[in-house]
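In: what follows is a predicted structure for the sequence shown.
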Amino acid sequence: MLIEETGLPGLVVVTPARFGDSRGFFSETWSRSKLAQHGIDIEFVQDNHSLSAQVGTVRGLHFQKPPRAQAKLVRCGRGLLFDVAVDIRKGSPTYGKWFGIELSFENGRQLMIPAGFAHGFVTRAPDTEIIYKCSDGYAPETEGALRYDDPDLGIDWGLGDTAPILSAKDAAAGAFAGFDSPFLYEDSAA
Ligand SMILES: Cc1cn([C@H]2C[C@H](O)[C@@H](COP(=O)(O)OP(=O)(O)O[C@H]3O[C@H](C)C(=O)[C@H](O)[C@H]3O)O2)c(=O)[nH]c1=O
């Protein structure tokens with residue numbers, strides 16, 4: 001398992017080993033003990049899996065507020081996506097900064113997103129499936145959202161002039177300016 005830093009504290013790229021043979025490959029896509037050896041000990045309680053049929057589908061930027069905040073371990077089961085995490089932990093040295101990475105079945109990469117980050121992605125292939133583990137269950141009453149194209153976040157989704165496919169919820173998401181984050185850096189780092 002390879003762990004790579006991203007420049008945003010706590011946000012890392014995880015690439016599990018793949019054991020290839022004449023049949024294909026085997027990979028432990030999640031091992032609590034192996035992650036714990038790298039200081040990442042999270043009890044995941046829910047797996048999510050979504051399919052986005054069209055290229056240019058944007059889901060996000062979403063988070064659940066404490067006490068139902070979710071850490072996520074994100075991977076791509078099929079297709080290609082650009083996964084983005086935004087540090088929204090007040091007091092963080094990288095508050096308001098974002099990191100993005102292409103995840104695909106082929107590259108086998110995963111993004112380990114601690115609580116205190118907003119999460120979103122854009123699809124770059126048809127019929128793209130995202131699969132991710134969450135450290136708390138679904139609590140819609142605690143959900144928050146920020147606009148994917150917020151000028152203060154300045155995320156480069158690689159959409160060019162293409163208008164994304166958005167849910168009504170995401171089209172109505174709030175601005176980062178004036179956002180009163182419920183996350184404190186020390187809380188997330190705890
Ligand atoms: C998140 C979630 C949703 N749902 C139901 C609620 C709706 O009937 C339907 C679609 O929900 P939503 O439009 O919120 O799904 P996404 O836009 O993919 O939201 C997710 O997208 C970003 C990328 C995330 O990181 C979050 O996990 C999550 O916010 O699934 C559930 O039953 N359980 C759940 O945990």
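Out: Ah, there it is. Quick caveat: nothing in here was measured; it's all calculated off a predicted structure. Numbers count the residues shown, from 1 in each chain.
In: just checking, R68 touches S135?
Out: No. In this structure R68 lies outside contact range of S135 using Cβ atoms under 8 Å: 9.9 Å. Any C-beta I mention is one placed from the backbone N, CA and C, and that applies to glycine too.
In: how about T6: what's its closest non-neighbour residue?
Out: In space, and not counting its chain neighbours, T6 is closest to F99: 4.5 Å by Cβ to Cβ, 6 or more residues apart in numbering.
In: for that neighbour, what are its contacts?
Out: T6, G7, L8, L11, V84, A85 (Cβ atoms under 8 Å, 6 or more residues apart in numbering).
In: derive a ChimeraX selection command for the buried subset of those residues.
Out: A single ChimeraX command is used to select the members of the contacts of F99 judged buried by 16 or more other Cβ atoms under 10 Å:
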select :6,8,11,84,85
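In: nearest to L51, of the contacts of F99?
Out: Lowest distance from L51 to the contacts of F99 (Cβ to Cβ) belongs to V84, with 18.8 Å.
In: secondary structure element for that closest one?
Out: strand 80-87 (DSSP states H and E).
In: mind listing what's buried along that strand?
Out: L80, L81, F82, D83, V84, A85, V86, D87.
In: enumerate the residues of this structure near the ligand.
Out: N48, S50, R59, G60, H62, H119, G120, F121, Y138, S167 (Cβ under 6 Å from any ligand atom).
In: contacts only, for the closest residue to the second one other than its chain neighbours.
Out: Yep, that's S50 we're talking about. Leaving aside its chain neighbours, S50 sits nearest to I130 (5.5 Å; criterion: Cβ to Cβ, 6+ apart). Residues near I130 by Cβ under 8 Å, 6+ apart: 48-50, 52, 59, 74-77, 81, 83, 103, 121.
In: just the element for I130, please.
Out: Residue-wise, I130 maps onto strand 128-134 under DSSP H and E.
In: the helix or strand following that strand pairs with which strands, parallel or anti?
Out: Later in the chain than strand 128-134, the nearest helix or strand by DSSP H and E is strand 143-145. Here strand 143-145 has these sheet partners by DSSP bridges: strand 58-64 (antiparallel).
In: also compute the angle for the strand it pairs with relative to strand 128-134, please.
Out: Calculated by axes from the mean of the first three to the mean of the last three Cα atoms, to 10 degrees, strand 58-64 forms an angle of 10 degrees with strand 128-134.
In: can you list contacts of strand 58-64?
Out: Taking Cβ under 8 Å, 6+ apart as the rule, strand 58-64 contacts 50, 52, 69-70, 84, 86, 88, 117-122, 130, 136, 139, 142-148, 150, 153, 157, 159, 164-167, 170, 173, 183.
In: please repeat the previous calculation with a cut-off of 6 Å.
Out: By Cβ atoms under 6 Å, 6 or more residues apart in numbering, the surrounding residues in contact with strand 58-64 are 70, 86, 118-122, 139, 142-146, 148, 164, 166.
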